[in-house]
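**Student:** I'll drop the sequence and a predicted model, then ask my questions.
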Amino acid sequence: MDDTRQSIGADSNMSHNSVVPQAHFALMLATGFSSGLPLALTGSTLQAWLTSVGLDLTTIGAFTLVGLPYTLKFLWAPFMDRYVLPWFGRRRGWMFATQAALVISIVGLAGADPASAPETAALFALLVAFASASQDISIDAYRAELLAPEVRGLGAAVSVVGYRIAMLVSGAGALIAAQIFDFSTIYFLIATLLGVGLAATILGPEPSLSAGQKIPLTLRAAIVDPLREFFTRPGAGALLALIIFYKLGDAFAGSLTTAFLMRGAGFSVAEVGFVNKGLGLASLLLGGLLGGIWLTRLGLYRALLLFGILQALSNLTFMVLAWAGKNYLLMILAVGFENLSGGMGTAAFVALQMGLCDARYTATQFALLSALAALGRVYVGPLSGIAVETIGWGNFFILTTLAAIPGLILLIRLRARLEN
């Protein structure tokens, strides 16, 4: 195996464009915005639209299935590693194609009438989700290949800022605008905002492979070679386990945070909305930026360790709130600390995933790694409810803190692989 893969923090198999970092960060902000914009259009905003036209709950519930492409995107990621479209290059070509498909499908959804033709609306919503998931594949690969190792954490953080801003626009912003415009008009307007991503795609540089590297020559190679390349690395299994377990404690606690603040601590919906969504979002974005900055100074291993410990400790602040009862100061402290540490951890964690990708197969490998990272978020939800009913809120947050320990142990074991 190529020795350049031995150190995740090292410049592994990627050739980086000479554009100044400030331009890179602007691209990350714009592409992050483009990536986050469609999500609510097939989620919360679509549910609000369906509810406003009087659809029954069974039909509304069935519409949640349109989000399946986000969990299955690794199935078609190899196509985006193997085939190069005839415009803008290997990564930007797919970015442009998926963004154009997003504009068309969102306009189609805007023109649909969920009340009289819910099947048509569901079809266009599914197309939006498919195009959005495909855009995520291409943008994730682009970001991993464009950013130099020393700025991956900060680049990821800037991308998350753009992503969250876009979610506010297409989520809360769309619902506020619904007081003035109908949902069809709102969807048309949001489609125009994808011009931000299209402009970044057209103006941005195209990453290139290192000398001697070639893209997969067959589709079979695009499917098989990324797995073979990864699993021939020393400690591949431990690295995959780290991907699964690093954010597990954070996801475990976060799965019931809102329910705890309302039922366990007794805060009102308005209080929870203001602090958990307002302060929480601000803390998350600040944490991401701080994490990206500190990552450049600490190095990947030390940043992952420090941020992982902070993520675990933040769960204990909710334990204190559970035992103390309704206390505004403690709620602000708990929510702020949890989101701040979570944002820092996410910046380092995304940098880790980018560093694990071989530039020949970035789309496939990053899609697989992100799918593994999502396993914890998917499966801890049902377990969280059972745990709370069995041991109570305070002990539940102790349990979520303990759930973070396996990831930290794996991290320490992999220190030699992760240090620069």
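**Tutor:** In hand now; what should we look at? Residues are numbered from 1 along each chain as shown.

**Student:** C-alpha from now on. contacts and neighbour counts both.
**Tutor:** Will do.

**Student:** Identify the residue nearest G376 in space, chain neighbours excluded?
**Tutor:** L248 (5.5 Å; C-alpha to C-alpha, 6 or more residues apart in numbering).

**Student:** Same question for F74.
**Tutor:** A367 (4.9 Å).

**Student:** just how off-centre is the host helix or strand of that neighbour within its chain?
**Tutor:** Per DSSP states H and E: A367 is located in helix 362-391. Distance of helix 362-391 from the chain centroid (C-alpha atoms, centre = their mean, to the nearest Å) equals 13 Å.

**Student:** what comes up buried for it?
**Tutor:** 362-377, 380-381, 384, 388 (16 or more other C-alpha atoms under 10 Å).

**Student:** Name the next helix or strand following that helix along the chain.
**Tutor:** Immediately after helix 362-391, counting by DSSP H and E, sits helix 393-403.

**Student:** Okay, buried residues for that following helix please.
**Tutor:** For helix 393-403, the neighbour count (16+ other C-alpha under 10 Å) marks 393-401, 403 as buried.

**Student:** Hey, what's the angle from that helix to helix 362-391? Just curious.
**Tutor:** Here helix 393-403 points in a direction 150 degrees away from that of helix 362-391 (axes from the mean of the first three to the mean of the last three C-alpha atoms, to 10 degrees).

**Student:** Report all helices and strands that the helix or strand just after helix 393-403 contacts.
**Tutor:** Using DSSP H and E, the helix or strand that directly follows helix 393-403 along the chain is helix 405-413. Helix 405-413 sits against helix 236-245, helix 300-324, with contacts defined as 3 or more C-alpha pairs under 8 Å, 6 or more residues apart in numbering; DSSP states H and E.

**Student:** got the buried residues for helix 405-413?
**Tutor:** Those would be 405-408, 410-412, for helix 405-413 by 16+ other C-alpha under 10 Å.

**Student:** what comes into contact with it?
**Tutor:** With C-alpha atoms under 8 Å, 6 or more residues apart in numbering as the test, helix 405-413 has contacts from 238, 241-242, 245-248, 301, 304-305, 308-309, 312.

**Student:** and which of these is nearest F349?
**Tutor:** Set against F349, the nearest of the contacts of helix 405-413 by C-alpha to C-alpha is L304 (7.0 Å).

**Student:** Contact partners for the nearest residue to the closest one once chain neighbours are set aside?
**Tutor:** Counting by C-alpha to C-alpha, 6+ apart, A348 is the residue found nearest to L304 once chain neighbours are left out, at 5.9 Å. Each residue near A348 by C-alpha under 8 Å, 6+ apart is listed here: 153, 291-292, 295, 300, 303-304, 307.

**Student:** Between all of the residues you listed, which two are separated the most?
**Tutor:** G153 and F307 (12.4 Å).

**Student:** what touches both of those two?
**Tutor:** Common neighbours of G153 and F307 (C-alpha under 8 Å, 6+ apart) are 291, 348.

**Student:** per the record, what domains does the protein have?
**Tutor:** Following automatic domain parsing, one gets these domains for the chain: 17-206, 222-418.

**Student:** To K214, which of the ones you listed lies closest?
**Tutor:** Comparing the domains of the chain under C-alpha to C-alpha, the one sitting nearest is domain 222-418, at 6.7 Å.

**Student:** Run the chain-centre distance for the closest one.
**Tutor:** Worked out by C-alpha atoms, centre = their mean, domain 222-418 lies 12 Å from the chain centre.

**Student:** for that domain, how far is the first residue from the last?
**Tutor:** 26 Å (C-alpha to C-alpha, to the nearest Å).

**Student:** returning to that earlier point: looking at G153 and F307, which has the bigger crowd around it?
**Tutor:** G153 (34 against 24; other C-alpha atoms under 10 Å).

**Student:** ok, the more buried one - contacts?
**Tutor:** Contacts of G153 by C-alpha under 8 Å, 6+ apart are 291-293, 295-296, 347-348, 350-351.

**Student:** what's the closest of those to P149?
**Tutor:** A351 (8.0 Å).

**Student:** any idea how far I215 is from the closest one?
**Tutor:** Taking C-alpha to C-alpha, one finds A351 at 23 Å from I215.

**Student:** Same check on I409?
**Tutor:** From I409 across to I215, the span is 36 Å (C-alpha to C-alpha).

**Student:** CA atoms of stretch 231-247 as CSV?
**Tutor:** These are the backbone C-alpha positions of stretch 231-247, laid out as CSV (Å, rounded to 0.1, in the frame of the first residue of the first chain):
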residue,chain,number,x,y,z
PHE,A,231,-9.5,-2.2,3.7
THR,A,232,-5.9,-2.8,2.7
ARG,A,233,-4.8,0.0,5.0
PRO,A,234,-3.5,-0.9,8.4
GLY,A,235,-6.2,-0.4,11.1
ALA,A,236,-9.0,0.0,8.5
GLY,A,237,-11.5,-1.7,10.8
ALA,A,238,-10.6,0.5,13.8
LEU,A,239,-10.9,3.6,11.6
LEU,A,240,-14.4,2.6,10.6
ALA,A,241,-15.3,1.9,14.2
LEU,A,242,-14.0,5.4,15.1
ILE,A,243,-16.3,6.9,12.4
ILE,A,244,-19.3,5.1,14.0
PHE,A,245,-18.5,5.8,17.7
TYR,A,246,-16.8,9.2,17.8
LYS,A,247,-20.1,11.2,17.8
